[in-house]
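**Q** Sequence plus the predicted model coming up.
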Amino acid sequence: MGRPRLELVLQHEVGELKAAYRGCKDAVERRRIQAVWLLASGKSREEVKAVTAYSHSSLVSIISRYNEGGLAGLHDKRHHNSGKSPLLTEAEQQALYTALCSPPEDGLWSGKRVMAWVKDQLGKDIGLSGSYVYLERLGFSLQRPRPRHAKADAQAQANFKKTP
């Protein structure tokens, strides 16, 4: 024997659902309201799935959300998710910027050097890709000197250059 079928518990009139559907500006929320509106209008779940392109599990989730929270339960909550906070605070990024403005002890700044500086100075672990993200975010790019051929003749190169 399977699970009991989740039934839609109407909290609004069909006309209210239709008006909410037509007045909604958010596409995700609009489709969810459409699904509830069609179910409330007497359409079967198969017809609603065909019109809205929702899967069975998505439709059950929408019904559950509507039963629990009404139209407010159908809102797209992703808009209010600001994401993960940055690893380095503004003050730490400013300290990194100050360090990047002066050359390191030996050579040039690289992703590995930025990663090591953050670990030593700030006590935070960032990966190599994270160090490249902060280099770019702070307006820097990796600078490498142009490679020189091991067997190049410096005198021939100097003679080749145009002299004014």
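**A** On my side now, so go ahead.

**Q** Report pLDDT for residue 23.
**A** On pLDDT, residue 23 comes in at 95.

**Q** Would you pull up how far the host helix or strand of residue 22 lies from the middle of the chain?
**A** For residue 22, the element it lies in under DSSP states H and E is helix 14-23. From the chain centre to the centre of helix 14-23 is a distance of 32 Å (Cα atoms, centre = their mean, to the nearest Å).

**Q** and the helix or strand that that helix is followed by, which residues are buried?
**A** Per DSSP H and E, the first helix or strand lying C-terminal to helix 14-23 is helix 27-40. Judged by neighbour count (16 or more other Cβ atoms under 10 Å), helix 27-40 contains these buried residues: 29-40. The way it works is simple: take the backbone N, C-alpha and C, and place the C-beta from them, glycine included.

**Q** which residues sit against stretch 103-116?
**A** Contacts to stretch 103-116, defined as Cβ atoms under 8 Å, 6 or more residues apart in numbering, come from residues 96, 100, 126-128, 130-132, 134-135, 140, 142-145.

**Q** Nearest to residue 18 among those residues?
**A** Of all those, residue 18 sits closest to residue 130, with 49.3 Å by Cβ to Cβ.

**Q** picking that back up, for the helix holding residue 22, name the packing helices and strands.
**A** If you count contacts as 3 or more Cβ pairs under 8 Å, 6 or more residues apart in numbering; DSSP states H and E, helix 14-23 packs onto helix 27-40.
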